[in-house]
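Structure, please.
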Amino acid sequence: MGQDRQAKPSAKTAAKATAKVAAKPARKAAAKAKPAAKATAKPAAKAIAKPAKESPSKSAKPVSSRAKSTKPAQSAAKRGVGGRVSGQAKKGTVAERVKRPQRARNKLEVRQLRRDDFPQLQALQTLCLDSIPGWTETAFIDQVKRFPEGQICITFEDRLVACSSTLIIDRSDLQGQHSFEELVPGGMLENHDPDGDTLYGIDICVDPRFRGLRLARRLYDARQRLTREKNLRSMLIAGRMPGFAKFKGKLTPKQYLARVAKGKLRDQVITAQMANGFQIEYIISGYLPSDRPSGGNAVLMEWSNPDFVARRRGKRKDIQDVRVSAVQYQMRPVSSFEDFEQQCEFFVDTASDYRCDFICFPELLTNQLLSLVGPGQPVECARRLGQFTERYQAMFTRLAIKYNINIIGGTHIVSEGDLLFNDAYLFRRDGSYATQRKLHITPSEARWWGISPGDKFQVFDTDCGPISILICYDVEFPELARLARAKGAQIIFVPFNTDIRPAYLRVRNCAQARCIENNVYCVLSGPIGNLPEVEGTDIHYAQACILTPNDISFSRDGIGAEATPNVETLLVHEIDVSLLRWNLTHGSVRTWLDRRTDLYRLLDQSGEPV
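Here you go, the predicted model:
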């Protein structure tokens, strides 16, 4: 039992079969001698002459029982089973012709569009698009030339019955509110970016006479395969809302979409795309004015590629693991800038020895230099730190290049006119640098230092993918991390500066929440030690750590690594970016994908929805 074996016939059955075969000549002679009985004897003779078939699980049945019907061939023809259907049988619908066995030419083929397909494509679009104009021949040739693998069709008996057009864009370049004409001017793929990270579907058509065969599903499967093969982050579509035509004047587009999202209404496009795994992002007003049923609107929808692997810019090398380090830095008085530089270089050198991609220093790192500016009011002393700005920038730029590491150089107080700002610096290992101004200022910072808040939030490109920097208090506001994640950041660096444990725990616990909410990693770095001669920065409390989302795939308690509190050290940890991709769609919860964007939305500085 349990094995696939052919059943052996019994001796009795074998003897019967032998006797029947031996009787074959006699029966044939008898049939020839009785021509009047030929019509009735022929089926029986054929059945008897045919050896019994053996079932793998049952004993062979007596052969005579197989000849009950006198019209076996006709019954088979009526059922469409075994052999070619007779000429009198009806051809049936297109769907039936495709589903049952056909000659070799009667088959569906998914392939790339070719230039000589244009006449058929034009006829198909005329049939499908109604009031929306199709491609011109010039635009079609441009699409096939620029991105041939993105232009797909399905043929049946050499007849073009469905088609799809796409291009690749960089998601960061896409404006939230955009039109079809802006995306593909005149149908031309001028905005196609081979080095982009997102596939954008711009057109899909299925011959109405061939609907019911799931041809659209085949096209979307082909698009998903292309997204995976190209290692793109996601696929976007601007879905029509044809069902909205029935509710014009009764519902706004947002109200209509909200009801479709909840399943209270069904839209033939949006509902189908949700079933295909697309997430609703937001409504694009005026996307295609000629689309009258949709009111000119479209719904931006996204399918995230679970197999996406971030790439290093320039090198195009797949990113699976990123090694990060966080400095638990001891504040101590220094006698010169060179002393400060020596202390910083020690940690950079050490992190480089461990082949780290990033090293993060704490907030207000250069406050250590306040011991060099002389006594005075805190605001006056902070303003004097400006004399070290150029040397600070030159030092970390040199170290980033020399040790081949990206450096988050803590923060440094800078002055612009009468205002003071708390700026974080990213020094890339290619010699470039960028800054992120602190956006939320604590009461003590405003009181002691007179710090003003910045007004611009950024996500920075690096050779390990996009990153974000949230300075201490900034991480306590969930909107910023949402913006960072929406712009592609998977690692958030949090340089902080706290005096006592409760203050530190506010930063840490909020950073942990940001990891869970947005499916990202957070790297925290803070100072310890004392600066007794510097007013406003007397004591420090810190425990550097690397935090992860809380799920089975990640480290216990959502802690990748953590240092011993208040001990000067360097924390090194390797984070697995592929786990974020997996957890995004397959985690126990999907806090990023399951956001209720029909109930709430976050807008960026330009007013675009996130």
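
Hmm, residue 544 is touching residue 527, no?
No: counting by C-beta atoms under 8 Å, residue 544 stays clear of residue 527, with 9.8 Å between them. Every residue, glycine included, has its C-beta placed from N, CA and C.

list residues touching both of these two?
Taking C-beta atoms under 8 Å, 6 or more residues apart in numbering as the contact rule, residue 544 and residue 527 both touch residue 328.

in the helix or strand where residue 217 lies, what's buried?
Counting by DSSP states H and E, the element that carries residue 217 is helix 215-229. Residues of helix 215-229 classed as buried by neighbour count (16 or more other C-beta atoms under 10 Å): 215, 216, 218, 219, 220, 222, 223, 224, 226, 227.

Contacts only, for the fourth one.
If I follow you right, that is residue 219. Contact partners of residue 219, counting by C-beta under 8 Å, 6+ apart, are 110, 152, 154, 162, 163, 164, 204, 206.

Could I get the pLDDT score of residue 125?
Residue 125 is assigned 89 on the pLDDT scale.

Could you do the one 3 residues further on as well?
Reading off the confidence values, residue 128 has pLDDT 85.

From residue 527, how far off is it?
Here the criterion is C-beta to C-beta, to the nearest Å. By it, residue 128 lies 64 Å from residue 527.

Compare the two (neighbour count), which wins?
In terms of neighbours (other C-beta atoms under 10 Å), residue 527 is the more surrounded of residue 128 and residue 527; the figures are 29 against 17.

isn't that one right up against residue 366?
No: the criterion here is C-beta under 8 Å, and residue 527 misses it with residue 366 at 11.1 Å.

those strands in the stretch 501-610 of the chain, which residues are they?
Secondary structure of the stretch 501-610 of the chain (DSSP state E, counting those that start in this stretch): strands at 521-525, 527-529, 545-547, 559-562, 569-576.

Apologies, that question was intended for the stretch 51-200 of the chain.
Ranges of strands in the stretch 51-200 of the chain, per DSSP E, counting those that start in this stretch, are 108-112, 152-156, 159-169, 198-206.

want to throw these into CSV with distance to residue 384?
Below are the strands of the stretch 51-200 of the chain laid out as CSV (distance: least, C-beta to C-beta, whole Å):
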stretch, distance to residue 384
strand 108-112, 66
strand 152-156, 64
strand 159-169, 47
strand 198-206, 47
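
Residue 484: how many residues sit nearby?
By the criterion of other C-beta under 10 Å, residue 484 has 26 neighbours.

I'd assumed residue 468 was in contact with it.
Yes: counting by C-beta under 8 Å, residue 484 does reach residue 468; the two are 3.6 Å apart.

where do the contact lists of the two overlap?
In contact with both residue 484 and residue 468: 459, 492, using C-beta under 8 Å, 6+ apart.

and residue 326, that one's in a strand?
Yes: judged by DSSP: H, G, I helix; E, B strand; the rest coil, residue 326 forms part of a strand.

beta partners for it?
Beta-bridge partners for residue 326, by DSSP bridges, are residue 360, residue 571.

again with the one 5 residues further on
Judged by DSSP bridges, the bridge partners of residue 331 are residue 529.

How much space separates it from residue 502?
Distance from residue 331 to residue 502, by C-beta to C-beta: 20 Å.

who's in contact with the closest residue to residue 471 other than its chain neighbours?
Nearest residue to residue 471, sequence neighbours excluded (C-beta to C-beta, 6 or more residues apart in numbering): residue 438, at 4.3 Å. Shown in contact with residue 438 (C-beta under 8 Å, 6+ apart): 411, 421, 422, 423, 424, 451, 453, 454, 471, 472, 473, 474.

Return the member of these nearest to residue 562.
Nearest to residue 562 out of the contacts of residue 438 is residue 472 (C-beta to C-beta; 17.5 Å).

hang on, isn't the closest one packed against residue 424?
No: contact between residue 472 and residue 424 fails when scored by C-beta under 8 Å: they sit 9.6 Å apart.

shared neighbours of the two, anything?
Common contacts of residue 472 and residue 424, defined by C-beta under 8 Å, 6+ apart, comprise 363, 438, 495.

Give the burial count for the residue lying closest to residue 495 once chain neighbours are set aside, as a bare number.
Nearest non-adjacent residue to residue 495, counting by C-beta to C-beta, 6+ apart: residue 363, 4.3 Å away. Using other C-beta under 10 Å, residue 363 has 23 neighbouring residues.

any idea what sits nearest residue 407, other than its immediate chain neighbours?
Residue 407 sits nearest to residue 427 (C-beta to C-beta, 6+ apart), 4.3 Å away.

Could you give the average pLDDT over stretch 576-593?
Stretch 576-593 shows a mean pLDDT of 84.

got the end-to-end distance for it?
Between the opening and closing residues of stretch 576-593 there is a gap of 20 Å (C-alpha to C-alpha, to the nearest Å).
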